[in-house]
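> Sequence first, predicted coordinates after that:
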Amino acid sequence: MKRSYEEAKERDEKWLMRTDFGRVRKALVILLAAFILLNLVDIITTLTALSKAPLFVELNPIASGLFQLRFPGFAAALVFKFVPLIPLSYGVFVSESGKNQIQVRTVKLGILVTLAAADLLYIAIAINNVSTLFAGLG
C-alpha cells in the first residue's frame, strides 16, 4: 500500500511540474477578476432592489439580518462578502518558485476550481437578482 501511495505521489508531482502554469496563472487572474465583478453586481442589484422594489426580500439569512442593522450591518455584510478575497488573492498571486513548488501548484489548482465554482454560483445569483429586479420594477 505504501508503494502504491509513493507511485501515485510521484506520478502526480511529475504531472504538476509538467503542467503549463503560465496558462493557469492567467486563468486564475481572470477568474478572480470575474469573482470581484460578480460580487459587485450582486451588491449593486441587491441595493437597487432594496431601495426601488418595496416587496424585495433578501434571501440570504445572514445578510438579511445584518441589513436590519442599517449602515453598520451593511458594512459588516460587505466585510463578510469580501474577506474570502484575502486567501484567494494570496493563492492566485503567490510565487510557485522555490522548494514548495508542488504544494503551491496544488493550492493554485484548488483555487482554480474554487473560483470557477464561485463564479458560476455568482453568475446564477446575478441573473436571479437582475430578473427579480426587472420583475419587481416592471
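Ah, there it is. None of these values were measured; they are calculated from a predicted model.
> Got the confidence number for residue 54?
We have a pLDDT of 68 for residue 54.
> Kindly report the same for residue 92.
With respect to pLDDT, residue 92 has a value of 95.
> right, and it touches residue 110 too?
No. With contact defined as Cβ atoms under 8 Å, residue 92 does not reach residue 110; the gap is 11.4 Å. In this view, the C-beta of every residue, glycine as well, is placed from N, C-alpha and C.
> and residue 90, what does it touch?
By Cβ atoms under 8 Å, 6 or more residues apart in numbering, residue 90 lies in contact with nothing.
> in what helix or strand does it lie?
helix 85-93 (DSSP states H and E).
> Looking at residue 92 and residue 110, which one has more neighbours?
Using other Cβ atoms under 10 Å as the criterion, residue 92 and residue 110 rank with residue 92 on top: 22 against 11.
> Neighbours of the nearest residue to that one once chain neighbours are set aside, how many?
Sequence neighbours aside, residue 28 is the residue nearest to residue 92 in space, at 4.5 Å (criterion: Cβ to Cβ, 6 or more residues apart in numbering). Each residue near residue 28 was counted by other Cβ under 10 Å, and the total is 22.
> now residue 16: how far from residue 8?
Relative to residue 8, residue 16 is positioned 12 Å away (Cβ to Cβ, to the nearest Å).
> Mind checking which of the two has more residues around it?
When residue 16 is set against residue 8 and neighbours are counted by other Cβ under 10 Å, the residue ahead is residue 16, at 18 against 10.
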